[in-house]
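return atomic coordinates for the entry below.
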Amino acid sequence: QVQLVESGGGSVQAGGSLRLSCVASGDTWGRICMGWFRQAPGEEREEVAHILIGHIYATSYADSVKGRFTMSRDNAKNTVYLQMNSLKPEDTAMYSCAAGTNCGTFDYWGQGTQVTVSS
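From the prediction side, this is the model:
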C-alpha cells in the first residue's frame, strides 16, 4: 500500500502563487511516476503534470499550465511538489497527487487539497 497526503492548498487572488506538497509513504518501491491531477466541480479530472523518476527526471505538463506550474521531487523527503505561479480563476479545483508504476497508470491517489483562485 502507498499513502499519499497532499497539503498546501488555499485561496489566493489571480496572479498569486501556491506550492502544493505530496508526501508518499508505505510501499513506494516501483512507483516510478508521480502525477498531479485536478478536478473542478462538474468537470472531468485533468492531469496537470507528472514526473518520471529514474536516472533522469522527466516532467510533463498540460498545455494549460506550461510556463506557470513546476513539478519537482525531493527524494530524501519522499515528497513531490507543484509550484503554481500566475494563478488564474480557471485553476480553481481539487488537486490530487497520484503514484503509478508508469505514467499511464496511476493506482494510488491522495485525498486532495483545494485550490481556489479569485479574480
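
end to end on stretch 71-79, go ahead and measure it.
11 Å (Cα to Cα, to the nearest Å).

show the average pLDDT along it.
When pLDDT is averaged along stretch 71-79, the result is 90.

where does the chain dip in pLDDT?
Low-confidence segments of the chain (pLDDT under 70): 55.

which residues are in contact with the most centrally placed residue in it?
Compute the mean C-alpha point of the chain, and by Cα atoms, centre = their mean the closest residue is Trp36, 2.5 Å away. Contacts were defined as Cβ atoms under 8 Å, 6 or more residues apart in numbering; by that measure Trp36 touches 20, 22, 47-50, 71, 80, 82, 95-98. Every C-beta, even on glycine, is put in place using the N, C-alpha and C of the backbone.

swap in 10 Å and give it another go.
6, 20, 22, 46-51, 61-62, 65, 69, 71, 80-82, 84, 95-98, 110 (Cβ atoms under 10 Å, 6 or more residues apart in numbering).
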